[in-house]
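Participant: Generate a structure from the sequence data that follows.
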Amino acid sequence: MEEEVWDDLSNIPADPPMMRDLCKQCERPTVVCWCSALPPQRLNPRSRIVLLQHPAEEKRCLRTAPMLKLGLSENKCLIYKGKKFPQPRHEYLEDIINQPNTLLLYPSKTAVDIKCLENNLESYNLILIDGTWPQAKGIYASSPSLHNIKQVKLLTSTISSYIIRTQPTEGCLSTLETAAEALSQLEGNPIYRDQLVQPLHKLCKYQLDNGAVTHQSKEFLIKTKMYPKLIGKRLSRLLRSTNEISVNLN
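Facilitator: Predicted structure coming up:
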């Protein structure tokens with residue numbers, strides 16, 4: 001009797017997994033596609049964004065780099081992946097790094113406010129490191145070629161709209177928001193700040209409407225004694241440096 005039962009069970013055909021329809025553009029399930037919020041026409045700035053993306057970033061399901069790439073014209077957002085740059089497989093990246101109009105957005109001690117650039121060039125290659133802060137520091141430390149690029153920083157009072165993801169500090173922005181703000185300042189045109197971030201707004205609204213909750217920054221949670229974990233020395237130093245910057249700005 002038992003053998004007959006197992007025979008019957010073994011002959012039951014396995015149903016194929018239900019696959020959700022994917023958007024051909026953003027490659028997300030159509031029900032959570034944000035393409036309708038992209039700019040009506042892909043924006044075409046004089047400058048271009050060059051993302052150096054940590055491999056772990058590509059695995060995140062809620063990423064903003066694809067929004068940036070689809071919101072800008074062809075070849076206005078280049079994405080290179082790795083933990084060290086440049087490498088032989090990074091086509092044209094070494095040439096970009098060596099061009100005189102290339103900037104690295106990185107908050108080093110020598111970085112200047114992007115609004116106060118002395119060079120009045122028509123266009124720039126603006127390099128951003130796409131990853132968490134520890135990942136970005138690791139990429140910078142292992143990529144000596146980046147150290148010779150003119151470095152700029154972004155000083156803004158903008159608060160991130162990426163409220164479904166925990167940020168380290170109150171002033172942190174997503175990759176998309178950082179690029180949009182930087183382009184608006186470089187190009188002298190708020191259209192990048194206004195239009196490029198709309199897909200992020202749509203994504204967050206959908207997530208919140210379907211059970212997601214807003215996330216406060218680690219800095220806020222620690223200050224209000226709501227952070228559930230002990231903080232390490234690295235985060236403690238980051239929060240102290242952020243507070244020092246805030247004091248200097250005020």
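
Participant: low pLDDT regions in the protein?
Facilitator: 1-19, 119, 161-171, 211-250 (pLDDT under 70).

Participant: which residues touch the residue nearest in space to the middle of it?
Facilitator: Among the residues of the chain, the one closest to the centroid is residue 175, at 2.5 Å (Cα atoms, centre = their mean). Going by Cβ atoms under 8 Å, 6 or more residues apart in numbering, residue 175 touches 51, 64, 65, 68, 128, 130. Backbone N, C-alpha and C define where each C-beta goes, glycine included.

Participant: Put together CSV for those, with secondary structure, neighbour count and distance to residue 28 on each row.
Facilitator: Formatted as CSV, the contacts of residue 175 follow (DSSP: H, G, I helix; E, B strand; the rest coil; neighbours: other Cβ atoms under 10 Å; distance: Cβ to Cβ, whole Å):
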residue, secondary structure, neighbour count, distance to residue 28
51, strand, 21, 19
64, coil, 25, 13
65, helix, 21, 13
68, helix, 29, 15
128, strand, 23, 22
130, strand, 25, 18
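
Participant: Can you add distance to residue 117 and give these back as a markdown table?
Facilitator: Putting the contacts of residue 175 into a markdown table (distance: Cβ to Cβ, whole Å) gives the following:
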| residue | distance to residue 117 |
| --- | --- |
| 51 | 20 |
| 64 | 25 |
| 65 | 24 |
| 68 | 21 |
| 128 | 16 |
| 130 | 22 |
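
Participant: Closest to residue 192 out of these?
Facilitator: Set against residue 192, the nearest of the contacts of residue 175 by Cβ to Cβ is residue 68 (10.0 Å).

Participant: Now the phi/psi pair for the nearest residue to residue 90 once chain neighbours are set aside, please.
Facilitator: Nearest non-adjacent residue to residue 90, counting by Cβ to Cβ, 6 or more residues apart in numbering: residue 80, 4.8 Å away. When quoted as degrees, to the nearest 10, the phi and psi of residue 80 stand at phi -120, psi 140.
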